[in-house]
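Novice: Here is the input, now give the coordinates:
(one chain, ligands or ions: 1)
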Amino acid sequence: MPDLSHDDWKTRAAALSFNGQAFIDGRFTEAASGRTFDSINPATGKVLAQVSECDGTDIDRAVAAGRRAFEDGRWSRKTPGERKEVMLKLAELIRANLEEMALLDSLDMGKLITDAITIDAPGSAHFFQWYAESIDKLYDEIAPTGPGNLALIARVPLGVVGAVTPWNFPLDMATWKVAPALAAGNSVVLKPAEQAPLSALRLAELAAEAGVPEGVFNVVPGHGPTAGKALGLHMDVDRLAFTGSTATGKLFMQYSGQSNLKQVWPETGGKSPNIVFADCEDLDAAADMTAFGIFFNQGEVCSANSRLYVERPILDAFVAKLVARAEAMHPGDPLDPASRMGAIVNESQTQGIMRFIEAGKTTAKLATGGDRVTVDGKGCFVRPTVFTEVDQNDPLAREEIFGPVLSVTAFDSEDEAVAMANDSIYGLAASVWTDSLNRACRVPEKLHVGTVSVNTVDALSAETPFGGMKQSGFGRDLSLHSLEKYTALKTTWMKYKA
Ligand code: NAD
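Specialist: Alright, predicted model coming up:
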């Protein structure tokens, strides 16, 4: 991480210029309607940029550009090695513009610059590099059909992939979709979240600079019920990769049924359990990571460990450790490297979080936090909040709050902990803390989630698939498995004289 002070970051932020126009067919363009909306910095309330408010007309333009590019083969028929070279260049360009990419996300949605510059922006470069390097090392199959037959089974690109992404990791959520989709040879139309579209737009510009041809990667900012819906309903979009809330994920499944039966891959919400057993020896490490698991990125993380289950004998001691850590994470200016928590994405999200907190004060015991604060008299900030004595049926333990709010519930047996962990409509991730090898193997087997982290939280890398079970959706990002999302299996069967 560059050794920059608060003043350095403020100076760099002040010097930044923002382009909020859509990026369609290789160039920045206004929405056809000419309408724009404000992109607002939630830490200050200041308008950062006017963003093109695209609708169905612009989605049509972008999909048509993507289709033209796909059919004439300017990207889809390049060799995997050629696509690799371009994508490696894009990874390098992201690295060359790391401070800018990090600042765009920090200013647009309130995350800490220290996280954006060490996690989000380098992560994006890494994922582009990872898929670039993968794509010329994948072999297809020949089916065992016997003499006289040669049946080739290949993974082929689909055509135009629609991607709709959330605001909590704007650059990385876009990257998780765009990198494998481009690597596989598709054209992409990305509709980023309206709350934080700026890094995706800059990414498209960098992709063009790296050599991604016109029309191959389009970014169309706009609102969900207009631009997002138009993409979901589009008759010429071959596949739709979605990350966002469960309610919106369900809508995309409907859009598919109402249009061309495009395959939809939903990666949706979560309410991840974190189970701490009394046989966990390093409770300080567990408390550190438990605090990170819920308070990182202001708790605006799909896999946030928002339900903590602690074995009763260690409950009080563990909660005391946790409260100390929560109180050390007081929110501050996201551009200040000394801040430990940033701003909530916007006013309505902040109010939604506060409604859960106020209701929780009447049903559970507030151990710390519980209030909205300002920084320099402004902004959307919520203090890290811990509720104990939370009933399993309390909304605090059931609903995805998507903020820095942790519910704590005690348990008396392993079976009870597993039952409570599984008692959720969500199944994205879970964590287990134990020093028993048997338990470390046994409990993850019983948890109905996509990823179980043992003696850590939120384990994640390019090499492992990320996604959920139940109403957390069934899409998988990351790893070679995500390429299954952006390709179709194709059989070519040839007869020959044996
Ligand atoms: P959201 O569902 O409100 O929005 C996500 C995207 O869908 C945005 O681009 C939005 O414009 C679009 N959208 C909204 N309404 C739409 C509609 N009616 N038709 C078409 N498109 C529509 O979610 P959000 O608030 O941006 O993000 C938070 C959610 O994302 C949380 O539920 C979180 O758990 C989830 N999330 C999941 C993962 C994962 O990998 N499973 C990762 C990050 C975030």
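Novice: Skipping adjacent residues, who's closest to the spatially most central residue of the chain in space?
Specialist: Geometric centre of the chain, nearest residue: Met173, 4.0 Å, by Cα atoms, centre = their mean. Distances taken as Cβ to Cβ, 6 or more residues apart in numbering place Thr165 nearest to Met173, at 4.2 Å, with adjacent residues excluded. Backbone N, C-alpha and C define where each C-beta goes, glycine included.
Novice: what do you get for Phe28?
Specialist: Per Cβ to Cβ, 6+ apart, closest to Phe28 is Gln21, 4.1 Å.
Novice: repeat for Glu463
Specialist: Counting by Cβ to Cβ, 6+ apart, the residue nearest Glu463 is Ser479, at 5.9 Å.
Novice: Just the mean pLDDT for the stretch of helix or strand the residue nearest to the centre of the chain belongs to, thanks.
Specialist: Using DSSP states H and E, Met173 falls within helix 170-183. The average pLDDT within helix 170-183 is 98.
Novice: and that helix, what other elements does it pack with?
Specialist: Packing partners of helix 170-183 (3 or more Cβ pairs under 8 Å, 6 or more residues apart in numbering; DSSP states H and E): helix 80-96, helix 98-109, helix 121-134, strand 160-164, strand 187-191, helix 198-210, strand 239-243.
Novice: Need those in TSV (columns: mean neighbour count, distance to Asp282 and mean pLDDT).
Specialist: Shown next, in TSV, are the helices and strands packed on helix 170-183 (neighbours: other Cβ atoms under 10 Å; distance: least, Cβ to Cβ, whole Å; pLDDT from 0 to 100):
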stretch	mean neighbour count	distance to Asp282	mean pLDDT
helix 80-96	19	35	98
helix 98-109	26	32	98
helix 121-134	23	27	98
strand 160-164	29	40	98
strand 187-191	29	42	99
helix 198-210	23	37	98
strand 239-243	27	33	98
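Novice: just so I know, which of the ones you listed lies nearest Lys361?
Specialist: Among those, helix 98-109 comes nearest to Lys361, with 27.2 Å by Cβ to Cβ.
Novice: picking up where we left off before, could I get the contacting residues of the residue nearest to Met173?
Specialist: Residues in contact with Thr165 (Cβ atoms under 8 Å, 6 or more residues apart in numbering) are Met173, Ala174, Lys177, Leu190, Lys191, Pro192, Ala193, Ala200, Thr243, Gly244.
Novice: Count the residues that sit near the second one.
Specialist: The local packing count at Ala174 equals 28, with neighbours defined by other Cβ atoms under 10 Å.
Novice: Now it. Nearest residue, chain neighbours left out?
Specialist: Closest to Ala174 by Cβ to Cβ, 6+ apart is Ala200, at 4.5 Å.
Novice: separation between that neighbour and Val373?
Specialist: Distance from Ala200 to Val373, counting by Cβ to Cβ, to the nearest Å: 30 Å.
Novice: ditto for Val164
Specialist: Taken as Cβ to Cβ, the span from Val164 to Val373 is 32 Å.
Novice: Could you do Glu416 as well?
Specialist: 36 Å.
Novice: cool, Leu182 as well?
Specialist: 42 Å.
Novice: Show me which of the two is the more surrounded one.
Specialist: Here Leu182 and Val373 are set side by side on neighbour count (other Cβ under 10 Å), and the busier one is Leu182, at 27 against 13.
Novice: I'd guessed Leu98 sits against His126; true?
Specialist: No. Under the criterion of Cβ atoms under 8 Å, Leu98 is not in contact with His126, lying 11.5 Å apart.
Novice: near the ligand, which residues of the protein?
Specialist: For the chain, the residues in contact with the ligand (Cβ under 6 Å from any ligand atom) are 164-168, 173, 191, 193-194, 223-225, 228-229, 232, 243-245, 248, 251, 267-270, 302, 400, 402, 428, 468, 472.
Novice: Tell me which of those residues fall in helices.
Specialist: Met173, Lys229, Gly232, Thr248, Leu251 (DSSP state H).
Novice: what's the helix or strand for Thr491?
Specialist: Going by DSSP H and E, Thr491 is part of strand 487-495.
Novice: Please name the strands paired to that strand in the sheet, noting orientation.
Specialist: Strand 487-495 sits in its sheet next to strand 149-157 (antiparallel), going by DSSP bridges.
Novice: how many neighbours does Val386 have?
Specialist: Neighbours of Val386 under the rule other Cβ under 10 Å: 28.
Novice: residues touching the residue nearest to Ala174, list them.
Specialist: So Ala200 contacts Thr165, Pro170, Leu171, Ala174, Leu190, Pro192, Val219, Pro221 (Cβ under 8 Å, 6+ apart).
Novice: Tyr486 now?
Specialist: So Tyr486 contacts Pro157, Leu158, Val161, Pro180, Ala181, Ala183, Ala184, Asn186, Arg239, Ala241 (Cβ under 8 Å, 6+ apart).
Novice: beta partners of the first one?
Specialist: Here Pro157 shows beta-bridge partners Thr487, assigned using DSSP bridges.
Novice: does it really touch Ala184, like I thought?
Specialist: Yes. With contact defined as Cβ under 8 Å, Pro157 counts as touching Ala184 (4.9 Å).
Novice: what do those two both touch?
Specialist: Tyr486, Thr487.
Novice: Who has more neighbours out of these two?
Specialist: Ala184 (26 against 22).
Novice: model confidence over the helix or strand hosting Pro444, on average?
Specialist: Here Pro444, judged by DSSP H and E, is contained in helix 437-446. Averaging pLDDT along helix 437-446 yields 98.
Novice: Buried residues of that helix, list them for me.
Specialist: Neighbour-count burial for helix 437-446 flags Arg439, Ala440, Val443, Pro444 (criterion: 16 or more other Cβ atoms under 10 Å).
Novice: For the ligand, what's its nearest residue on the stretch 301-450 of the chain.
Specialist: Residue of the stretch 301-450 of the chain nearest the ligand, by Cβ to the nearest ligand atom: Cys302 (3.1 Å).
Novice: For Val345, see how far away that residue is.
Specialist: In terms of Cβ to Cβ, Cys302 sits 14 Å off from Val345.
Novice: any common contacting residues for the two?
Specialist: Residues touching both Cys302 and Val345 (Cβ under 8 Å, 6+ apart) are Asn168.
Novice: Asp60 sits in which helix or strand?
Specialist: helix 56-72.
Novice: Likewise for Phe37?
Specialist: Using DSSP H and E, Phe37 sits within strand 36-40.
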